[in-house]
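Student: Turn this into a structure:
(one chain, ligands or ions: 1)
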Amino acid sequence: MKEFMVSNPPDFKVSAKCCKYAKKDMSKHIEKAGGYDVKCMGIRRAEGGIRAAKYTNCFSTGKGIDQFRPIWWFRDSDKEEYCARYGVTHSRCYTEYGLVRTGCVGCPFNKNILNELETIRKFEHKLYTAAHNLFGPSYDYTRRYLTYREKKKAEARSTAG
Ligand code: SF4
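Tutor: Sure thing, here's the model as predicted:
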C-alpha cells in the first residue's frame, strides 16, 4: 500500500478526525468532567479484531476511571440464548442485508468497504448516494489500489513460476 500511495499520492484529504472529534474526544471529555468511578464497555472477547485484542479480561484499572466490560465473557452461543430468551430484535443490517459488523456507514477506513458499498447500493440507495457524495474519491482510490495490488501479485507469481 505504501508503494502505491507514494507513486499515486491521494488528491483528496485523508484523516480520521471524525473518529477523534465525534467519538474519542467526546468520551475523554465526559470522563475528564469527573464524577464517575467506572465506565462500561460492550466488548466481547469472542468478537475478535483490534478492539477485543486490547483487553485480556472484563475489568481494568488505570490512571483514569476503571473499565468494566460486562459482556466480555459472552460466547456467541450465550448471545444467541440471551436474544432468544428476551426476544431481541436485530437490525435489518444483520437479518436482511447480510452484514456481520456495522459501524459508520461507508467509512473509507473499513477494510471491506467495497463489499459494504455493494450492500448499501442494493438495500439503501439514498445512503449509497450520500456516502459517495462524501467519500467518493476515496472509494475510487481504494478500487485503484486493489487493482494495483492484484497486478503486483500476478507479477510476483509469474516471476516465481
Ligand atoms: S467514518 Fe470512519 S473514521 Fe469517521 S468516525 Fe466513523 S469509523 Fe471513524
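
Student: worst-scoring helix or strand of this structure, pLDDT-wise?
Tutor: Ranked by mean pLDDT, DSSP states H and E, the weakest helix or strand in the chain is helix 49-53, scoring a mean of 84.

Student: next SSE after that helix?
Tutor: Per DSSP states H and E, the first helix or strand lying C-terminal to helix 49-53 is strand 59-60.

Student: all strands of this structure, in order?
Tutor: 38-40, 59-60, 66-68 (DSSP state E).

Student: Which one, of the ones you listed, ends up nearest to Tyr82?
Tutor: Nearest of the strands of the chain to Tyr82, taken as Cβ to Cβ: strand 38-40 at 16.4 Å. Glycine gets a C-beta too; all of them are placed from N, C-alpha and C.

Student: which helices and strands does that closest one pack with?
Tutor: Counting contacts by 3 or more Cβ pairs under 8 Å, 6 or more residues apart in numbering; DSSP states H and E, strand 38-40 packs against strand 66-68.

Student: residues making contact with the strand it packs on?
Tutor: Outside strand 66-68, the residues within contact range by Cβ atoms under 8 Å, 6 or more residues apart in numbering are Asp37, Val38, Lys39, Cys40, Met41, Cys58, Phe59, Ser60, Thr61.

Student: and the second one, what are its bridge partners?
Tutor: When bridges are assigned using DSSP bridges, the partners listed for Val38 are Asp66.

Student: That one: neighbour count?
Tutor: A count of nearby residues for Val38, using other Cβ atoms under 10 Å, gives 10.

Student: per-residue confidence for it?
Tutor: pLDDT, Val38: 93.

Student: same check, this time on the last one
Tutor: At Thr61, the model reports a pLDDT of 92.

Student: How much space separates it from the ligand?
Tutor: Per Cβ to the nearest ligand atom, to the nearest Å, Thr61 is found 27 Å from the ligand.

Student: Same question for Lys151.
Tutor: 28 Å.

Student: same check, this time on Ala16
Tutor: Separation of Ala16 from the ligand (Cβ to the nearest ligand atom): 4 Å.

Student: which residues touch that residue?
Tutor: Neighbour list for Ala16: Phe109 [criterion: Cβ under 8 Å, 6+ apart].

Student: now for the longest helix along the chain, which elements pack on it?
Tutor: Longest among the helix segments of the chain by residue count, using DSSP state H, is helix 125-160. If contacts are counted by 3+ Cβ pairs under 8 Å, 6+ apart, helix 125-160 sits against helix 2-7, helix 113-123.
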